[in-house]
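**Student:** sequence isn't available, so here's the structure alone:
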């Protein structure tokens, strides 16, 4: 290790070469001690924020003020969804841009273990860009607990009703509806359900071709086969007294890319004073775990992720309406990313081949589909990244009227930087052919997974589920919820759980006052060695993850392949 003074270090001119190594080590150890305490204090604040959020009933985490418009609990087929209208954007006052004649925008957040708010988490978000482009904005939220007996069909019907309500409030002006991840496929089902229509539907990171994917890129699609199908989720819902704890889904997301989890905490330790606010802001949403009803989660897994029945057009919503994607008449924008290992482009686009067969089939159906590809942003970045909101999402909304006027067919949306940073990016729409999409929608092995899942779940439902449901009392469900690793690993840092944690802010303040924090740490060779070691650990975890995913792919193919 080079321990000579660095030329641009502020203290280097005052030190002799012989004294520098000792001074550098002393400064590093003092700073590392302070950074460790400051990082633990950040984890303490996260735990307290989590407890406070739960005590408040886990309200939606919106940056914007909103007023209630409709509550799906009052519908004939009730569910826990609500429709809000955005009224104000704090001191930024983005609402002043809204034009009365603009099409309303409805943002539907994902319900995949977390609570709502990610589409309007900050000023530069989907909601913020819609206001900036002059659109009245509505936001669909949901409550932490599902309604008793809530089904996937009741959610789909609620979204369809919300589309009708917003259109009625704007003189029958068809809304632009934004769906993020799970919200996107729910929107697609609503639009194919009883011939509902919108002005434009934007599906962001939304899977509709659940069997598609690439080896070592999309390992979540293998999970159903590796765990034996839907029955583990059925077991978890039975033990949860009819509720499925969303913490299990969030845990699966973290396990997909463990190097990202390492990097998240390592950044807090490396630069606690700079990373603290960003970390705490995001973790407020990430650790708000919501629940799904037993009937709802089982239908989602059986019909969609394992059965792939949406792509085949055989999902019947609540026994009376078939969800047929070929019947959607609303123009579609599909935004996906090659950096997304949860919903890669294959899962977002491959269904077009199955549903329409060819470009001529798409044109014959009178449908227009525009897709927009990002090269590297991850799954969450599609919804939460401020850079993506300012560029891709603003451009989609800015060019919505152009998209609606395109002739039927398939197009790729290409963005060119605007002349001024305050303007939306320019866009071109290049015709493409469905036949040229490089995605295989229906690998044969997944049909075997669906059959194994059906058989094992039938055995579980008949022989074990009645007994497990007797064990799954409200008290048992609360105990399992409290001791879930995703909660205990967070709450263990709170002084309400570990009273000694109350010392962290005092020690962090004392260290800062005594000057233990080194603002010039980037020049210290020991700190640079630490950062190199941390990067090496991250790369090692990533390499292990690639090996794990390859082994999972091999195991899947050996079990279900030809």
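**Tutor:** Everything's here; your move. All values reported here derive from a predicted model rather than from experimental measurement.

**Student:** any weak-confidence spans in the stretch 301-450 of the chain?
**Tutor:** Applying pLDDT under 70 to the stretch 301-450 of the chain flags the ranges 319.

**Student:** do a quick rundown of the strands in it.
**Tutor:** For the stretch 301-450 of the chain, strands defined by DSSP state E, counting those that start in this stretch occupy the ranges 315-317, 321-323, 332-337, 368-374, 409-416, 426-432.

**Student:** can you list the buried residues in the longest one?
**Tutor:** It stands for strand 409-416. 409, 410, 411, 413, 415 (16 or more other CB atoms under 10 Å). In short, each C-beta sits where N, CA and C put it, glycine included.

**Student:** which of those residues lies closest to residue 387?
**Tutor:** residue 415 (12.4 Å; CB to CB).

**Student:** quick check: the gap between that closest one and residue 370.
**Tutor:** 12 Å (CB to CB, to the nearest Å).

**Student:** again, but for residue 274
**Tutor:** 38 Å.

**Student:** higher neighbour count, the two?
**Tutor:** A side-by-side neighbour count of residue 274 and residue 370, using other CB atoms under 10 Å, places residue 370 first with 25 against 11.

**Student:** these two touch, right, that one and residue 428?
**Tutor:** No: using CB atoms under 8 Å, residue 370 is not in contact with residue 428; the gap is 11.0 Å.

**Student:** what residues are shared contacts of these two?
**Tutor:** Overlap between the contact sets of residue 370 and residue 428, as judged by CB atoms under 8 Å, 6 or more residues apart in numbering, is given by residue 413.

**Student:** sketch out the low-pLDDT regions of the stretch 1-150 of the chain for me.
**Tutor:** Low-confidence segments of the stretch 1-150 of the chain, defined by pLDDT under 70, are located at 1-18.

**Student:** can we see that at 90?
**Tutor:** Residue ranges of the stretch 1-150 of the chain with pLDDT under 90: 1-23, 90-92, 100, 149.

**Student:** could you pull out the helices for it?
**Tutor:** Listed in chain order, the helices of the stretch 1-150 of the chain (DSSP state H, counting those that start in this stretch) span 20-55, 126-132.

**Student:** residues near residue 219, how many?
**Tutor:** Residues near residue 219, counting by other CB under 10 Å: 22.

**Student:** which residue packs closest to it, ignoring adjacent ones?
**Tutor:** Spatially, and ignoring its direct neighbours in sequence, residue 219 is nearest to residue 549 (4.7 Å; CB to CB, 6 or more residues apart in numbering).

**Student:** how far is the helix or strand the one you found falls within from where the chain is centred?
**Tutor:** Secondary structure from DSSP states H and E places residue 549 in helix 525-560. Centroid separation for helix 525-560 versus its chain: 22 Å, with CA atoms, centre = their mean, to the nearest Å.

**Student:** what's it packed up against?
**Tutor:** For helix 525-560, the packing partners by 3 or more CB pairs under 8 Å, 6 or more residues apart in numbering; DSSP states H and E come out as helix 20-55, helix 223-226, helix 258-270, helix 445-463.

**Student:** of the ones you listed, which approaches residue 362 most closely?
**Tutor:** helix 445-463 (24.2 Å).

**Student:** mind listing what the spatially most central residue of the chain touches?
**Tutor:** Closest to where the C-alpha atoms of the chain average out (CA atoms, centre = their mean) is residue 380, at 4.5 Å. Shown in contact with residue 380 (CB under 8 Å, 6+ apart): residue 118.

**Student:** where do the helices sit along the stretch 151-300 of the chain?
**Tutor:** 152-169, 182-191, 223-226, 231-239, 247-256, 258-270, 272-286, 294-299.

**Student:** out of those helices, indicate the one that is most buried.
**Tutor:** helix 182-191 (a mean of 27; mean count of other CB atoms under 10 Å).

**Student:** how far away is residue 86 from residue 62?
**Tutor:** 8 Å.

**Student:** those two: who's more crowded?
**Tutor:** Using other CB under 10 Å, the more surrounded residue of residue 86 and residue 62 is residue 86, with 26 against 22.

**Student:** do you know how far the more buried one is from residue 287?
**Tutor:** 25 Å.

**Student:** ok, residue 537 next?
**Tutor:** Counting by CB to CB, the gap from residue 537 to residue 287 is 24 Å.

**Student:** comparing these two, which residue is more hemmed in?
**Tutor:** Each of residue 537 and residue 287 has its neighbours counted (other CB under 10 Å); residue 287 has more, 22 against 14.

**Student:** so what's the more buried one up against?
**Tutor:** Listed by CB under 8 Å, 6+ apart, the contact partners of residue 287 are 46, 50, 250, 486, 490.
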